[in-house]
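K.L.:
Sequence plus predicted model, see below.
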Amino acid sequence: MSDSRTPRRRLSGLKPEALMAQGLAEPEQVVEVAGIEIETPLGRGGMGAVYLGRQLSLDREVAVKVLASELADDPQFLERLEREARVMARLRHPNIVAVHDFQRTEDGAAIVMEFVEGGSLREKLQQHPNGLPVADALHILRQIAAGLEAAHATGVIHRDMKPENVLIDADGTARVTDFGLALPLHEASTRLTLSGTAVGTVDYMAPEQFRGVEADARLDVFALGVMAYELLTGKTPRGSFYAPHRLRGDTPAQVSAAVMKALRPEPAERFASIAEFMKALHERPRRVWPWLVGALMLVGVLAVMNWKAGPAEVTGEWRDAAAGTRIWEDVIRGDWRNDNGVLTSGAEICLVKLEDDLPEAYDVRLRVTRLSGQYSTALFFRSGGRMASVELDAWKEGLAGVQMINEQDLTAGYGFRFPLVNGEPHDLLIEVRPDEVRVTVDGQFKKAFITKDLSMAITPAWEMGPNPRPMALGLGSYQSPTRFEKVEWRPAASTAP
């Protein structure tokens, strides 16, 4: 009887030459892992092979990393594999591949991991031999950095960062994997290696790794610098090499300088941490004279406008909206923490009230950092007697702007795109006026949302209940723990000359 079922998606669409190579290859070792149905090989490395499997108890696909049969009798490699499993199991972060289980088997050992459907960063680089678009390269680097920072925060350095050890999932998210050489910070880097040998992959190893000196986070800074160079130029920095902007003219000067500093031979000359590297990589260049000329021109234009138009808008002093928040009284739902005016939300749908009343026209500014999760952060505000919200990364789709207006949320397409990267802070300025709401992110004006004669509301997804508590200003995060800093507001009014 013929089987009419659709072939498994990872087996359909394979190139004929790939199938031929698999057929001519040496037979794969028989793999048996308790509770796992092994389906097909995914790849092979120096320590063993990775298979696609199905965890029978939960009926989910998993990746199974199995120690090579020729290494199974070596306690050193067994220890390394078990160490990798333990390290990855305690690193829970959206940019790190999760580990579900570790098993000692009759033939050695195996790690059962989250299956990430997508290729490696190496495969992506092969599709862009001259480097990725700068914005895409920086986006991927931010995600890798977030995973590494999470590892460093728990006292673990990776020691083998390279494009093969970064997976890009179906949503385009970078996921760090393969912590087989990871060690606690400040532990001698020669442990779990053969006597007298260095550990890692040569092109990505910092010079001190070859010397077997005490390891610290700057090893991973160097490796990430190599990967940044590759993402920007398509080339691996070996021997004497040009700065990225010399090979690619559209590379910003500060990006090129940051990459070159990360690649300094001496650890003391590099960035002390991944966070410092990322800050330098994304720092906006300061252009004093163009700014000054622009400011003088703006002053002149405003002076002319004021002379012709009469009344000009003036604003009051900034007022802290978060310092006095009372967790026991102002929280509408979810878990919140108030650390001297820095508000941090929990993993549920979280809302907190900041102000009961505000004038007709006002500005709000704040810094927001989504710590984990993949949904929106929000500033709830009142305009014309009605509540709405300014959201970033709504619906897990990178949608941003004001919702709801005239019963339409951001999926209607009138907002702008701004997908958040976990761990990266962003500065928001929201200017609420009777006829419009203006949104500025990180100093860049994004959009003015016209609200004159239109209705406003809060999208039902926030589940505020049938009788939401009245508020004029509030914060929210949707199943995504978030830190809100410097939440301030000031009145804005028009006065006659």
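P.N.:
Done, it's in. Numbering: from 1, shown residues only.
K.L.:
May I ask which helix or strand encompasses residue 144?
P.N.:
According to DSSP states H and E, residue 144 maps onto helix 134-153.
K.L.:
Show me the domain layout of the chain.
P.N.:
Using automatic domain parsing, the domain ranges for the chain come out as 16-114, 121-282, 311-495.
K.L.:
Just the CA atoms of the helix holding residue 144, as CSV, please.
P.N.:
Provided in CSV are the C-alpha atoms of helix 134-153 (Å, rounded to 0.1, in the frame of the first residue of the first chain):
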residue,chain,number,x,y,z
VAL,A,134,25.4,46.8,7.6
ALA,A,135,22.1,47.0,9.5
ASP,A,136,21.6,43.2,9.2
ALA,A,137,25.2,42.5,10.4
LEU,A,138,24.7,44.8,13.4
HIS,A,139,21.3,43.2,14.2
ILE,A,140,22.8,39.7,14.3
LEU,A,141,25.8,40.9,16.3
ARG,A,142,23.4,42.4,18.9
GLN,A,143,21.6,39.1,19.3
ILE,A,144,24.8,37.0,19.6
ALA,A,145,26.1,39.6,22.1
ALA,A,146,22.9,39.3,24.2
GLY,A,147,23.4,35.5,24.4
LEU,A,148,27.1,35.9,25.4
GLU,A,149,26.3,38.5,28.0
ALA,A,150,23.8,36.2,29.6
ALA,A,151,26.5,33.5,29.7
HIS,A,152,29.1,35.9,31.1
ALA,A,153,26.6,37.1,33.7
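K.L.:
Which SSE is immediately downstream of that helix?
P.N.:
That would be, after helix 134-153 and using DSSP H and E, strand 156-157.
K.L.:
Identify all contacting residues around the helix or strand just after that following strand.
P.N.:
The first helix or strand that comes after strand 156-157 along the chain, using DSSP H and E, is strand 166-168. Contact with strand 166-168 is made by 97, 116, 118-121, 124, 140, 144, 174-177, 227, as judged by Cβ atoms under 8 Å, 6 or more residues apart in numbering. Glycine gets a C-beta too; all of them are placed from N, C-alpha and C.
K.L.:
if we can go back for a sec, rounded mean pLDDT for the helix holding residue 144, please.
P.N.:
Summarised as a single mean, pLDDT over helix 134-153 is 90.
K.L.:
and it, what does it pack onto?
P.N.:
Helix 134-153 is packed against strand 166-168, strand 174-176, helix 218-233, helix 274-282, with contacts defined by 3 or more Cβ pairs under 8 Å, 6 or more residues apart in numbering; DSSP states H and E.
K.L.:
Pull out the buried residues from that helix.
P.N.:
Across helix 134-153, burial judged by 16 or more other Cβ atoms under 10 Å covers 134, 137-152.
K.L.:
From the contact counts, what lies against the longest strand along the chain?
P.N.:
As assigned by DSSP state E, the longest strand anywhere in the chain is strand 482-495. Applying 3+ Cβ pairs under 8 Å, 6+ apart, we find strand 482-495 packed against strand 312-315, strand 319-320, strand 342-345, strand 349-355, strand 362-370, strand 473-478.
K.L.:
Tell me which of those approaches residue 443 most closely.
P.N.:
Closest of these to residue 443 is strand 362-370, at 11.0 Å (criterion: Cβ to Cβ).
K.L.:
List the buried residues of the closest one.
P.N.:
Per 16+ other Cβ under 10 Å, strand 362-370 contains these buried residues: 362, 363, 364, 365, 366, 368, 369, 370.
K.L.:
so how far is that strand off the chain centroid?
P.N.:
19 Å (Cα atoms, centre = their mean, to the nearest Å).
K.L.:
Average pLDDT for that strand, rounded please.
P.N.:
pLDDT averaged over strand 362-370 gives 95.
K.L.:
Next secondary structure after it?
P.N.:
strand 377-383.
K.L.:
Mind listing the strands the helix or strand following that following strand pairs with, and their directions?
P.N.:
Per DSSP H and E, the first helix or strand lying C-terminal to strand 377-383 is strand 386-394. Using DSSP bridges, the strands paired with strand 386-394 are strand 377-383 (antiparallel), strand 399-403 (antiparallel).
K.L.:
Most tightly packed of the helices and strands packed on strand 482-495?
P.N.:
strand 473-478 (a mean of 26; mean count of other Cβ atoms under 10 Å).
K.L.:
tell me the angle of it relative to strand 482-495?
P.N.:
Angle, strand 473-478 to strand 482-495, by axes from the mean of the first three to the mean of the last three Cα atoms, to 10 degrees: 150 degrees.
K.L.:
which residue packs closest to residue 149, ignoring adjacent ones?
P.N.:
If the residues on either side of it in the chain are set aside, residue 149 comes closest to residue 274, at 5.1 Å by Cβ to Cβ, 6 or more residues apart in numbering.
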